[in-house]
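Peer 1: Below: sequence and its predicted model.
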Amino acid sequence: MRRLDQLLANLGYCSRREARAWIDGGRVTVDGVPAGDPGQKAAPASVRADGEPLDHPAGLLLLFHKPVGLVCSHGDREGPNVYSALPERWRQRNPPVTSIGRLDKDTSGLLLLTDRSVLVHRLTSPKHKVPKVYRATVDRDLSPDLVPSFASGALLLAGETVPCAPATLTLLSAREAELTLTEGRFHQVRRMFSAGGASVLALHRTRFGELDLGDLPAGQWRELPLDLFG
Ligand code: URA
């Protein structure tokens, strides 16, 4: 049971102060009966706003196809962010919708978004070793020597003392490769190729664990069940 004003505010409908106007205006019902008081407690499933069931009261988990050019941080100082692609109401939710890990502004591909912090912690924890697959295009021909080097568990990134966990590199063409990582260090793919003497020109994440983008267009999302990861 939750207070109506809190519920409406947390789900992004209005501020807690504005909830009174929603309720006084007859826009909110509990079990079909117009609510009378912002402090009234109700089970989310029994509440309707403007005649509609509440918008994802249990939380959101989205598979987003991030286009190049959007940042994963919440501010807008570094340019438009991935949240700007979502409906306004979802952008007003509290806890806020946030990304599970990050992709660079110049990276496209599969990004999970959620307002369930437990999922963020679970899926970004190095303990869980979720495999993430990237497709990279680089500025020079790739040496086959990179395959054992990335797989060795001994590759050191500039400025770091702990080597990268073993990673699987598959060469797709002279300047294109697929890389599977189980960790998510800052700019890791770009820095691994840089350690191998190549600069990444384009980077796209195709998979996260068992999930792939399918034919989802850039800038679009699809909803995933909240219990997908147990
Ligand atoms: N590694 C990178 O270098 N950039 C990303 O966006 C993701 C992984």
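Peer 2: Structure's in. What do you need?

Peer 1: and the helix or strand of the chain with the lowest mean pLDDT, what other elements does it pack with?
Peer 2: Here the helix or strand of the chain ranked lowest by mean pLDDT, DSSP states H and E is helix 117-124, holding a mean of 92. Applying 3 or more C-beta pairs under 8 Å, 6 or more residues apart in numbering; DSSP states H and E, we find helix 117-124 packed against strand 107-114. Bear in mind the C-beta positions are built from the backbone N, C-alpha and C, glycine included.

Peer 1: Would you mind naming what in this protein lies close to the ligand?
Peer 2: Residues of the chain found near the ligand (C-beta under 6 Å from any ligand atom) are 103-104, 107, 187-190, 203.

Peer 1: Of these, which belong to helices?
Peer 2: Using DSSP state H, the members of the residues of the chain next to the ligand that fall in helices are 188-190.

Peer 1: got a winner among the residues of the chain next to the ligand for most neighbours?
Peer 2: Greatest neighbour count in the residues of the chain next to the ligand, by other C-beta atoms under 10 Å, goes to residue 103: 25 neighbours.

Peer 1: Next, format the ones in helices among the residues of the chain next to the ligand as JSON lines and append distance to residue 155.
Peer 2: What follows is those, written out as JSON lines (distance: C-beta to C-beta, whole Å):
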{"residue": "188", "distance to residue 155": "10"}
{"residue": "189", "distance to residue 155": "12"}
{"residue": "190", "distance to residue 155": "14"}
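
Peer 1: Tell me how the chain divides into domains.
Peer 2: For the chain, the structural domains run 2-53, 61-125+215-223, 131-208, going by automatic domain parsing.

Peer 1: The ones you listed: which one's closest to residue 230?
Peer 2: Nearest to residue 230, of all the domains of the chain, is domain 61-125+215-223, at 8.5 Å by C-beta to C-beta.

Peer 1: start to end distance for the closest one?
Peer 2: End-to-end distance for domain 61-125+215-223, by C-alpha to C-alpha, to the nearest Å: 6 Å.

Peer 1: picking up where we left off before, state the next helix or strand along the chain beyond the least confident helix or strand of the chain.
Peer 2: Using DSSP states H and E, the next helix or strand after helix 117-124 towards the C-terminus is strand 132-138.

Peer 1: Distance from that next one to the middle of the chain?
Peer 2: Put simply, strand 132-138 sits 18 Å off its chain's centre (C-alpha atoms, centre = their mean, to the nearest Å).

Peer 1: Please produce JSON lines containing the residues of the chain next to the ligand, extended by pLDDT.
Peer 2: Putting the residues of the chain next to the ligand into JSON lines (pLDDT from 0 to 100) gives the following:
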{"residue": "103", "pLDDT": "98"}
{"residue": "104", "pLDDT": "97"}
{"residue": "107", "pLDDT": "98"}
{"residue": "187", "pLDDT": "97"}
{"residue": "188", "pLDDT": "98"}
{"residue": "189", "pLDDT": "98"}
{"residue": "190", "pLDDT": "98"}
{"residue": "203", "pLDDT": "98"}
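
Peer 1: mind listing the helices for the chain?
Peer 2: With DSSP H as the criterion, the chain has helices spanning 4-10, 16-24, 88-91, 117-124, 146-151, 188-195.

Peer 1: Okay then, goodbye and thanks.
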